[in-house]
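> One predicted model, sequence on top.
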Amino acid sequence: MGSIALRSVEKWFGQTQVIKGIDLDIGDGEFVIFVGPSGCGKSTLLRMIAGLEDISRGTLTLDGRDVTAEPPSKRGLAMVFQSYALYPHMDVRANMGFSLKTAGRSKAEVAAKVDAAAKALRLQPFLDRRPKELSGGQRQRVAIGRSIVRDPVAFLFDEPLSNLDAALRVEMRYEIAKLHQTLKSTMIYVTHDQVEAMTLADRIVVLQGGVIEQVGSPKELYERPGNLFVAQFIGSPKMNVLPGTCAGGQFDIALGTSVPGPEGAAYLGIRPEDIEITAPGGGQMDGIVDVTEYLGADTYLIVETGAAEKITVRAPGGIDIRAGAEVGLGFPEARRHFFDADGRALRG
């Protein structure tokens, strides 16, 4: 079992409150990822679950057991950090089995658990090597294996891939996804990388300023963001947001353009890939392509419309539109998002 519940959890450092009344339930076997901008409290919240930071107010339960005041060693959790923290003088086998050895487990039990973890992480060929003989991705797998052998209630990951290059991050994302499928253990993962969050999580928790903005599956957060912050934080490039006013069921955008919209709407959001490129006059707005960014499969067009914000359009990589071209931009009705003056999503 590995269910985790937080109730009205707060964290204060002196007079500064950094976690502001978090309520969250994480189910047994669920993969939950905390995301948010720097300073939002995601790593602090993870460390509070681990017991590395005290909970100032509120309660934390593991499988229904109140562990708010218990030390990390009593919680049965395993944490994987950015730093591998491997013992350089020990080989992989000794590094992975060290915690069991110090706990007085038999040699046979230690060997069996290390072999099982090595098999799950495809580390068998490296068991006799020392950390300096391993790549960054292999070292991170050893650090994860060191946690697996303990049979923890849940795994806690604090930006474990941030020190790896792009190719290794892709490889390790696959390894962690497969590990979750194999172990079916509860995992809580902190990252600033949207790709990691969108590809790994069962649910994403979006934090800002010590509060939860929204919790949901990657699909829910992307397609139905609860507010303007989530709408622009989830997705790359971020959602285009155009200010305007709404009266009589018509939302008036800058430059005299209007589209049907709900009462109270103050912003229209449209994702870059949802914008249709048309001939000038064929969409809701015209503009001049300011910059083109060719990325292979995609080309991003940065379009100057004369409105307050430039509009980013995601187009197929082979599109032949260059800087200086005039284009029309269509906003399909089914793909429009509206928000009120406080940034709350308005559902049609």
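That came through fine.
> Identify the residue nearest the geometric centre of the chain.
residue 197 (3.1 Å; C-alpha atoms, centre = their mean).
> which SS state does it fall under?
helix (DSSP: H, G, I helix; E, B strand; the rest coil).
> Verify the contact between it and residue 218 for me.
Yes - contact criterion C-beta atoms under 8 Å: residue 197 and residue 218 qualify, at 7.0 Å. Every C-beta, even on glycine, is put in place using the N, C-alpha and C of the backbone.
> Pull up the overlap in contacts between those two.
When C-beta atoms under 8 Å, 6 or more residues apart in numbering defines a contact, the residues bordering residue 197 and residue 218 alike are residue 204.
> Now do the longest helix seen in the chain: which elements does it pack against?
Longest helix in the chain by number of residues (criterion: DSSP state H): helix 166-183. On a contact count with 3 or more C-beta pairs under 8 Å, 6 or more residues apart in numbering; DSSP states H and E, helix 166-183 meets helix 107-120, helix 136-148, strand 186-190, helix 194-200.
> most packed of these?
strand 186-190 (a mean of 25; mean count of other C-beta atoms under 10 Å).
> circling back to that earlier point, for the longest helix of the chain, C-alpha coordinates in CSV please.
Provided in CSV are the C-alpha atoms of helix 166-183 (Å, rounded to 0.1, in the frame of the first residue of the first chain):
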residue,chain,number,x,y,z
ALA,A,166,18.8,16.0,-23.4
ALA,A,167,19.5,12.5,-24.8
LEU,A,168,19.9,11.0,-21.3
ARG,A,169,16.8,12.7,-20.0
VAL,A,170,14.8,11.0,-22.8
GLU,A,171,16.3,7.6,-21.9
MET,A,172,15.7,8.0,-18.2
ARG,A,173,12.1,9.1,-18.7
TYR,A,174,11.6,5.8,-20.4
GLU,A,175,13.3,4.0,-17.6
ILE,A,176,11.2,5.6,-14.9
ALA,A,177,8.0,5.0,-16.8
LYS,A,178,8.8,1.3,-17.2
LEU,A,179,9.8,1.1,-13.6
HIS,A,180,6.4,2.5,-12.5
GLN,A,181,4.7,0.0,-14.7
THR,A,182,6.8,-2.9,-13.3
LEU,A,183,6.7,-1.9,-9.6
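> any idea of the angle that helix forms with helix 136-148?
With axes from the mean of the first three to the mean of the last three C-alpha atoms, to 10 degrees defining the directions, helix 166-183 sits at 20 degrees from helix 136-148.
> buried set for helix 166-183?
168, 169, 171, 172, 173, 175, 176, 179, 180, 183 (16 or more other C-beta atoms under 10 Å).
> for stretch 309-322, same thing?
Under the neighbour-count criterion of 16+ other C-beta under 10 Å, stretch 309-322 has 311, 312, 313, 314, 315, 321 buried.
> Can you give me the end-to-end span of it?
One end of stretch 309-322 sits 20 Å from the other (C-alpha to C-alpha, to the nearest Å).
> begin at 54 from here
Noted, 54 is the first residue going forward, which turns the last one into stretch 362-375.
> all helices of the stretch 254-401 of the chain, in order?
Secondary structure of the stretch 254-401 of the chain (DSSP state H, counting those that start in this stretch): helices at 271-276, 281-286.
> Of those, which stretch is the most buried?
Highest mean neighbour count among the helices of the stretch 254-401 of the chain (mean count of other C-beta under 10 Å): helix 281-286, a mean of 21.
> can you list contacts of it?
Contacts of helix 281-286 (C-beta under 8 Å, 6+ apart): 88-90, 259, 261, 266-267, 274, 278, 291-292, 294, 320, 322, 390, 392, 396-398.
> A strand includes residue 126, no?
No - checked against three-state DSSP, residue 126 lies outside a strand; its state is helix.
> ok, it to residue 64 distance?
Using C-beta to C-beta, to the nearest Å, residue 126 is found at 21 Å from residue 64.
> Just grab the bridge partners of residue 243 for me.
Under the criterion DSSP bridges, residue 243 forms beta bridges with residue 87, residue 211.
> circling back to that earlier point, need the worst-confidence member of the buried residues of helix 219-236.
Among these, residue 221 carries the lowest pLDDT, at 80.
> want to try CSV for the buried residues of stretch 362-375, with distance to residue 300 and pLDDT as columns?
As requested, the buried residues of stretch 362-375 are exported to CSV (distance: C-beta to C-beta, whole Å; pLDDT from 0 to 100):
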residue, distance to residue 300, pLDDT
364, 24, 94
365, 28, 96
366, 28, 97
367, 31, 96
368, 33, 95
374, 35, 94
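> Redo these as a markdown table? Include distance to residue 111.
As requested, the buried residues of stretch 362-375 are exported to a markdown table (distance: C-beta to C-beta, whole Å):
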| residue | distance to residue 111 |
| --- | --- |
| 364 | 43 |
| 365 | 40 |
| 366 | 45 |
| 367 | 42 |
| 368 | 48 |
| 374 | 53 |
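> got any ranges where the stretch 54-203 of the chain has weak pLDDT?
By pLDDT under 70, the low-scoring segments of the stretch 54-203 of the chain are 54.
> And the helices in it?
Using DSSP H, counting those that start in this stretch, helices in the stretch 54-203 of the chain cover 95-103, 145-155, 160-173, 189-201.
> and the second one, how far out from the chain's middle?
When C-alpha coordinates are averaged (C-alpha atoms, centre = their mean, to the nearest Å), helix 145-155 and its chain have centres 31 Å apart.
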